[in-house]
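Enquirer: Have a look at this prediction, sequence included:
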Amino acid sequence: MKTVSTSKSHGGIQGVYSHASEACACDMTFAVFVPPQAKDGPVPVLWYLSGLTCTHANVMDKGEYRRLAAELGLMIVCPDTSPRGEGIPDEKDNWQFGSGAGFYVDATQAPFAKNYRMYSYVIEELPALIAANFPADMSRQSITGHSMGGHGALTIALKNPERFKSCSAFAPIAQPSTAGWSKPALEKYLGTDEAAWRAYDTTLLIEDGKRFPEFLADQGTSDGFLQEGLRPWLLEDACKKAGIGLTLRMQDGYDHSYNFISTFMDDHLRWHAARLG
Ligand SMILES: N[C@@H](CCC(=O)N[C@@H](CS)C(=O)NCC(=O)O)C(=O)O
């Protein structure tokens, strides 16, 4: 692991690191905020998964999580959203696929299967690296994310309920297997057999019996992707049918940007801190 940069903030350290990823077969960059409490022992970890077009840096620069994370003693880990670099298959003019659009799946189709393994990266490789190199209490982890990363957080929590104490999302893609900006990506990463997509679709995972105790989700009413891409009512329906507690807050006038995310970041940090103990 290489340190790209470190910078003191609110008594903690905001760092950026890179490493040669086995899962993605390329160098990957990620951000970690270590709160001041870490000098007294391991601290709980909150994973933040970003949305389409993002790197590790968007939430680090605009998410405004450090002040409260430092107060609550939370480590914040922000992975990249896809493999990147020379030789990685990509569609340069398509922001909904390839670089910046890994959708947190393990691709099975050529030529993507070699690198686009963001599910394994986020659930296995990066946690092992964090556990080995940072003062993290890996018995206390929670997960959140935005848009494509909200989909990532919800699906990962549903598939690994024993790993995470809590899960929340900002404007998550509720049903990626039928939304216009995600369905083509699932088809290219996972093939045309729609049965394979179910493992990466929140509503279908719930339909197939996966469970998580409760979710918090915030959604702006002025989000341009609300009607076609995000459709939180599908999450609401799925949770209701399954008896999963969902706190869905429609936030009047907010859009899809980090101005929305940063407004409600404190609420999400407090939600997770309360459940991380
Ligand atoms: N590039 C797209 C927008 C993509 C977009 O809104 N991405 C969200 C996640 S789905 C984001 O967080 N963008 C980065 C940012 O706002 O910093 C467009 O121009 O319509």
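Expert: That came through fine.

Enquirer: How many residues are close by F215?
Expert: Here the number of neighbours of F215 (other C-beta atoms under 10 Å) works out to 24. (Glycine included, C-beta is placed from N, CA and C.)

Enquirer: and the stretch 151-277 of the chain, which of its residues are near the ligand?
Expert: Taking C-beta under 6 Å from any ligand atom, the part of the stretch 151-277 of the chain that reaches the ligand is made up of 256-258.

Enquirer: all helices for the stretch 101-250 of the chain, in order.
Expert: Ranges of helices in the stretch 101-250 of the chain, per DSSP state H, counting those that start in this stretch, are 118-120, 126-133, 148-159, 183-190, 202-207, 232-242.

Enquirer: and the residue in the chain that the ligand sits nearest to, how many neighbours does it have?
Expert: The ligand sits closest to G51 of the chain, with a gap of 2.6 Å, by C-beta to the nearest ligand atom. Residues lying near G51 (other C-beta under 10 Å) number 26.

Enquirer: pLDDT at the residue nearest to it when sequence neighbours are not counted, what is it?
Expert: The spatially closest residue to G51, leaving aside those adjacent along the chain, is S147, at 3.3 Å (C-beta to C-beta, 6 or more residues apart in numbering). Looking at S147, its pLDDT stands at 98.

Enquirer: Let me see the contact set for the residue of the chain closest to the ligand.
Expert: 81, 145-150 (C-beta atoms under 8 Å, 6 or more residues apart in numbering).

Enquirer: if we can go back for a sec, make CSV out of the helices of the stretch 101-250 of the chain and add distance to K8 and mean neighbour count.
Expert: Listed next are these as CSV, based on distance: least, C-beta to C-beta, whole Å; neighbours: other C-beta atoms under 10 Å:
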stretch, distance to K8, mean neighbour count
helix 118-120, 30, 22
helix 126-133, 19, 16
helix 148-159, 27, 28
helix 183-190, 38, 21
helix 202-207, 37, 21
helix 232-242, 38, 17
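
Enquirer: out of these, nearest to I76?
Expert: helix 126-133 (11.1 Å; C-beta to C-beta).

Enquirer: so which of the helices of the stretch 101-250 of the chain gets nearest S7?
Expert: helix 126-133 (17.6 Å).

Enquirer: Which elements pack onto the closest one?
Expert: strand 26-34, strand 75-79, strand 136-145 (3 or more C-beta pairs under 8 Å, 6 or more residues apart in numbering; DSSP states H and E).

Enquirer: The first one to helix 126-133, inter-axis angle?
Expert: The one in question is strand 26-34. Counting by axes from the mean of the first three to the mean of the last three C-alpha atoms, to 10 degrees, strand 26-34 points 60 degrees away from the direction of helix 126-133.
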